[in-house]
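# curious how this folds, go ahead:
(4 chains)
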Number of protein chains: 2
Amino acid sequence: MEDVAREAKVSRALVSLVMREQPNVSEARRERVLEAASRLGYRPNAMARSLASRRTRTVGVILDDLRNPFFAEIAGGVEELASDLGYQLLLGAGGRQAQRERMALNALLEYRVDGVILVSPRMTAAHLVAAVAEVPLVVVGRLLRSIDADFVLTDEAHGTELVLEHLTGLGHERIAHVDGGRGAGGPQRRAAYLRGMKARRLAPYARVIPGDFTEEAGTRAAQELLRDSRLPTAVFAANDVIAAGLLGGFDRAGVTVPDQVSIIGYDNISIAHLAHVSLTTIDQPRTSMGRIALELLLDQIEHRRPGVLRLLEPTLVVRSTTGPPRG
Amino acid sequence: MEDVAREAKVSRALVSLVMREQPNVSEARRERVLEAASRLGYRPNAMARSLASRRTRTVGVILDDLRNPFFAEIAGGVEELASDLGYQLLLGAGGRQAQRERMALNALLEYRVDGVILVSPRMTAAHLVAAVAEVPLVVVGRLLRSIDADFVLTDEAHGTELVLEHLTGLGHERIAHVDGGRGAGGPQRRAAYLRGMKARRLAPYARVIPGDFTEEAGTRAAQELLRDSRLPTAVFAANDVIAAGLLGGFDRAGVTVPDQVSIIGYDNISIAHLAHVSLTTIDQPRTSMGRIALELLLDQIEHRRPGVLRLLEPTLVVRSTTGPPRG
DNA sequence: GAGAGCTGTTAGAGCGCTCTAAAGACCGAG
DNA sequence: CTCGGTCTTTAGAGCGCTCTAACAGCTCTC
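Numbers count the residues shown, from 1 in each chain, chains lettered A, B, ... in the order given. Predicted coordinates for the structure are as follows:
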């Protein structure tokens, strides 16, 4: 910067003003500075800028694992908007362990990110409270009323209702559910399923098969269901990956979908739309979730304010794995 | 830091030594400093540290799009190792546009990342040359002999040979190829396919259907093949997504896989292993590619040295979409 | 033509660290 | 007791920027 100032025969301060595109710089000098900068191949040092201005123009994102498309798609939404707005993304993965998650968060805080987006965090509420005291925070996919942060959620109850409406609309009554265990959304979907079945006077047909959001859980669930004398006419999987497992399990047993059993997933991850899978499912707008999370975060960075809850509506995507019941 | 020094009754310099875990600090003082730091909730400022030490302990990763599982999995590999080694990840996406890619790179350079990993970059060789002059660079999935950077590649020719060996081993001769256009790996796979067919005296049966690494390309290719009087007995898709499109297209036309036609993909992205898809394919070790890229980068950061080329071997994964030819 | 009120420019302190060089503490050897 | 050597600690100068306050040079008003 020193060199640019000398080259353009102005003060360092003026170079700074030009680089930050501040008003009240005469056109003549602005050009002289810009020209000198490009002649010298000057590249501003964001570290120094951050140190002096106490603003890094970076945001941190912490998620479970990039290899899980659900998380990658949320990160994709954040990235897209961030780069448009000139923010830089610092990424950390927690690998489903609260411990690693906290370490990743600490690392981000050392870099003085302007804000943090936590996607389905596993850490305890106490740790989240501590974090909120240090940095603007947006939590995606998990709600904690005790914490004054922003939350981005989809309406799991509504999504589950859409599932049940769709299936009962087709005439299904014996609807089983493969649940997702304690991961984000799992308990809510199970509870909403049980509530919905009861409300429809289908409680006697309700059946929850324990799972954990993995394909194997789906495969196992298919085997378990096949052991019974009579298959349910429809199965509601807690996510698409479980549904894919079910699809495979039934396929191998010669059970056709949707002729003998309907299958519906949740999330609408990219595999769901593949023509060959063509899974009926509930769409969670992952990219939007990421984008909205960042919007809230930046707003929070600008003006500290009470936490906000953004509830997004999931939608039903009907494809080929559901149809009317047979028998 | 000032406060910690005062609290522990030592100099700032000593606090710095302790925080960096340098040797030659007496046990007594080290503990006094550590205790003072935790009492004050001191968190080192990585920006200031980076500014003073001229090392940021961050690496930049630039890829097309996080929503593409192939890229997300490579990034996942980088992230995993980075967090183990105490490096922070700055992420940028180029969205398949050379222009955006360059902007993302510039942004990373302002943050003075210690090194950059470029995954299947689209920018011109000239821009890469310029980048290499400024920062240690590792390029994944693209080779440019004129550039003195590190490269991580898989052996596309070998992978394609594995495909042809597998198919001809099953007895196939009429093997078509749906190609990937100009994206990374596409031209290499097509060329190797044509070479391999010729070497096996199957050149008359060689047939390339133009595509572009998308599912639609696969669907269209299926339609095109179905218009012919006679189907090939096997189709080699330039990647798994194309293969999925083929699968769907044939499925809808009532053509069974692998009974009437075998299908083989490339990449082994996560959908490929799903029981219901069960795609025979070539595995590219994405996570390792990311990890190795980072290893090379860090090594390059330590000691500047001539560029290195790391060629990884792809492997064949036989699942259910290939079988012997019929008719 | 003096003062107020602009706009455009600058000096210089400071952001929170690292790093070099030098000083201080402590040891055994002479 | 002094000296050289090793180990530990410290002062202080940066790292490359921003930001405040002040200043210079205007125009406008009365």
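# and the helices in chain A?
A:2-8, A:12-19, A:27-40, A:46-53, A:69-84, A:98-110, A:125-134, A:156-170, A:186-199, A:215-227, A:240-252, A:286-302 (DSSP state H).
# gap between the residue most central in space within chain A and DNA strand D?
What sits nearest the mean C-alpha location of chain A, by CA atoms, centre = their mean, is A:Ile74, with 4.1 Å. Using CB to the nearest atom of the strand, to the nearest Å, A:Ile74 is found at 31 Å from DNA strand D. Just so you know, the C-beta spots here come from the backbone N, C-alpha and C atoms, and that holds for glycine as well.
# report the contact partners of the closest residue to that residue other than its chain neighbours.
Among residues not flanking A:Ile74 along the chain, A:Gly290 sits closest, at 4.2 Å (CB to CB, 6 or more residues apart in numbering or on different chains). A:Gly290 is in contact with A:Glu73, A:Ile74, A:Ala75, A:Gly76, A:Gly77, A:Val78, A:Glu79, A:Glu80, A:Leu81, A:Ile117, A:Val140, counting by CB atoms under 8 Å, 6 or more residues apart in numbering or on different chains.
# nearest to A:Leu297 among those residues?
Using CB to CB, A:Ile117 is the member of those that sits closest to A:Leu297, with 6.0 Å.
# can you name the residues bridging to that closest one?
Per DSSP bridges, the residues bridged to A:Ile117 are A:Val61, A:Val138.
# same question, A:Leu309
Those that pair with A:Leu309 in a beta bridge, by DSSP bridges, are A:Phe151.
# that one and A:Thr154 touch, don't they?
No - in this structure, A:Leu309 is not within contact of A:Thr154 by CB atoms under 8 Å, at 11.8 Å.
# of those two, which one has the most company?
A:Thr154 (26 against 13; other CB atoms under 10 Å in any protein chain shown).
# measure that one to A:Gly181 for me?
Applying CB to CB, to the nearest Å, the value for A:Thr154 to A:Gly181 is 18 Å.
# and if you look at A:Gly248?
A:Gly248 sits 20 Å away from A:Gly181, going by CB to CB.
# try A:His303
From A:His303 to A:Gly181 the distance is 39 Å (CB to CB).
# look at those two and report which has more neighbours.
Of the pair A:His303 and A:Gly181, A:Gly181 is the one with more neighbours under other CB under 10 Å, namely 14 against 6.
# excluding its backbone neighbours, what's nearest that one?
Here the residue nearest A:Gly181, using CB to CB, 6+ apart, is A:Asp212, at 4.1 Å.
# you'd agree that neighbour is up against A:Gly180?
Yes - under the criterion of CB under 8 Å, A:Asp212 makes contact with A:Gly180 at 6.5 Å.
# who has more neighbours, the two?
A:Gly180 (25 against 18).
# got the contact list for A:Asn239?
A:Asn239 sits next to A:Gly180, A:Gly185, A:Phe213, A:Gly265, A:Tyr266, A:Asp267, A:Ile269 when contact means CB under 8 Å, 6+ apart.
# pLDDT wise, what is A:Gly327 at?
Looking at A:Gly327, its pLDDT stands at 60.
# where does pLDDT dip in the stretch 1-150 of chain A?
For the stretch 1-150 of chain A, applying pLDDT under 70 flags no range at all.
# quick check: residues of chain A near DNA strand D?
A:1-2, A:12-13, A:16, A:19-20, A:42-45, A:48-49, A:51-53, A:55 (CB under 7 Å from any atom of the strand).
# quick one: stretch A:108-128 near DNA strand C?
No - Stretch A:108-128 lies out of reach of DNA strand C by CB under 7 Å from any atom of the strand, never closer than 8.5 Å.
# can I get that stretch in CSV, CA atoms only?
The C-alpha trace of stretch A:108-128 is given here as CSV (Å, rounded to 0.1, in the frame of the first residue of the first chain):
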residue,chain,number,x,y,z
LEU,A,108,-13.6,-20.4,13.4
LEU,A,109,-13.8,-18.0,16.3
GLU,A,110,-10.1,-17.6,16.3
TYR,A,111,-10.4,-16.4,12.8
ARG,A,112,-12.9,-13.9,14.0
VAL,A,113,-15.6,-14.8,11.5
ASP,A,114,-18.3,-12.2,11.5
GLY,A,115,-20.9,-14.9,12.0
VAL,A,116,-21.5,-18.6,12.2
ILE,A,117,-24.1,-20.9,10.6
LEU,A,118,-24.5,-24.2,12.4
VAL,A,119,-26.3,-26.9,10.5
SER,A,120,-28.0,-29.5,12.6
PRO,A,121,-25.5,-29.0,15.4
ARG,A,122,-24.9,-31.9,17.9
MET,A,123,-23.4,-29.9,20.7
THR,A,124,-25.3,-29.2,23.9
ALA,A,125,-27.5,-26.3,24.5
ALA,A,126,-25.0,-25.0,27.0
HIS,A,127,-22.3,-24.8,24.4
LEU,A,128,-24.6,-23.1,22.0
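# now do the buried residues in it.
Within stretch A:108-128, the residues that qualify as buried by neighbour count (16 or more other CB atoms under 10 Å in any protein chain shown) are A:108-123, A:128.
# is it true that A:Leu297 touches A:Val59?
Yes - when contacts are counted by CB under 8 Å, A:Leu297 is listed as touching A:Val59 (6.0 Å).
# now do the shared contacts for these two.
Joint contacts of A:Leu297 and A:Val59 (CB under 8 Å, 6+ apart) are A:Gly115, A:Val116, A:Ile117.
# tell me the one of those residues nearest DNA strand D?
A:Gly115 (17.1 Å; CB to the nearest atom of the strand).
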